[in-house]
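Trainee: Predicted coordinates and the sequence they were generated for:
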Amino acid sequence: GAVFAHEAQEPTAATESVPAVAAAEHQEQGADEDKEEVSARLAVLALLTEGDAATLAVVRGLRPAQARKIRAYQTKHGPLQSLDALPDILGKRFSVRDFVRQNMAIGT
């Protein structure tokens, strides 16, 4: 059958760069979020996507066991496309908004 635009397959991790992922994350943000929070979201997403264990240690609110879960997820599924995937990886009680607010300094 016909393939509609909304059914198009997402780019794979191998074909999409971190800046492209960051740009997509930026576009998903509501207009009411301030620039600092958006900047922090982008910076944290980049760290979680590219950072090694030592780099992830500087991320506030992220325990070593959680960092390992994120690494395992990315090994299996490719880079995080959005911070909004974190509750699915780390548990529904994980608050992305609180996590970003704890890491505001990373984006500045």
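Mentor: Sure thing, it's come through. Numbers count the residues shown, from 1 in each chain.

Trainee: my guess is residue 60 contacts residue 100, does it?
Mentor: No: if you go by CB atoms under 8 Å, residue 60 and residue 100 don't touch, sitting 10.1 Å apart. C-beta coordinates here come from the backbone N, C-alpha and C atoms, glycine included.

Trainee: So which of these two has more stuff around it?
Mentor: Between residue 60 and residue 100, counted using other CB atoms under 10 Å, the more crowded position is residue 100 (24 against 12).

Trainee: Quick one: residues in contact with the helix or strand containing the more buried one.
Mentor: If you go by DSSP states H and E, residue 100 is part of helix 96-102. The contact list for helix 96-102 (CB atoms under 8 Å, 6 or more residues apart in numbering) reads 37, 40, 41, 44, 60, 61, 62, 83, 84, 86, 87.

Trainee: Let's see that with 7 Å instead.
Mentor: Outside helix 96-102, the residues within contact range by CB atoms under 7 Å, 6 or more residues apart in numbering are 37, 40, 41, 44, 60, 61, 83, 84, 86, 87.

Trainee: contacting residues for residue 74?
Mentor: Residue 74 makes contact with residue 80, according to CB under 7 Å, 6+ apart.

Trainee: Roughly how far does it sit from residue 37?
Mentor: Using CB to CB, to the nearest Å, residue 74 is found at 23 Å from residue 37.

Trainee: circling back to that earlier point, out of the contacts of helix 96-102, who's nearest residue 104?
Mentor: Ranked by distance to residue 104 (CB to CB), the contacts of helix 96-102 are led by residue 40 at 4.7 Å.

Trainee: nearest spatial neighbour of residue 73, skipping sequence neighbours?
Mentor: Among residues not flanking residue 73 along the chain, residue 89 sits closest, at 4.9 Å (CB to CB, 6 or more residues apart in numbering).
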